[in-house]
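**Student:** What follows is a protein structure lacking sequence information:
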């Protein structure tokens, strides 16, 4: 897992959202602005990596958006 102090502000925002929404292995829904996507993850590190990569692809227009992560199906 990445250390919070070693990341930029956007990485910290995504990392905090993943930590707050983490329940256990399963399927997670991620929302910001009008974007929604689901991810399967076995750990918070995998979830963070996937969500952060997706969020960064929308960085130009949604950098200030709040990120919400929610477990929708636990395994």
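**Tutor:** Right, received. Where do you want to start? Bear in mind that the values here come from a model prediction, so they are computed numbers and not experimental data.
**Student:** Near residue 44, how many other residues are there?
**Tutor:** Neighbourhood size, residue 44 [other Cβ atoms under 10 Å]: 16. C-beta: built from backbone N, CA, C; applies to glycine.
**Student:** now do residue 9
**Tutor:** Using other Cβ under 10 Å, residue 9 is surrounded by 8 other residues.
**Student:** Could you point out the helix or strand that follows the lowest-mean-pLDDT helix or strand in the chain?
**Tutor:** None of the helices or strands of the chain scores lower by mean pLDDT, DSSP states H and E than helix 59-62, at a mean of 85. Next helix or strand after helix 59-62 toward the C-terminus (DSSP states H and E): strand 68-74.
**Student:** Okay, buried residues for that following strand please.
**Tutor:** 69, 71 (16 or more other Cβ atoms under 10 Å).
**Student:** just the helices in this structure please.
**Tutor:** Secondary structure of the chain (DSSP state H): helices at 9-21, 44-56, 59-62.
**Student:** Enumerate every residue touching the residue of the chain most remote from its centre.
**Tutor:** Distance from the C-alpha centroid of the chain peaks at residue 75, with 18.3 Å (Cα atoms, centre = their mean). With contact set as Cβ atoms under 8 Å, 6 or more residues apart in numbering, residue 75 has these partners: 24, 25, 26, 27.
**Student:** what about the nearest residue to the last one once chain neighbours are set aside, distance to residue 40?
**Tutor:** Excluding its sequence neighbours, the residue lying closest to residue 27 (Cβ to Cβ, 6 or more residues apart in numbering) is residue 73, at 4.2 Å. Separation of residue 73 from residue 40 (Cβ to Cβ, to the nearest Å): 9 Å.
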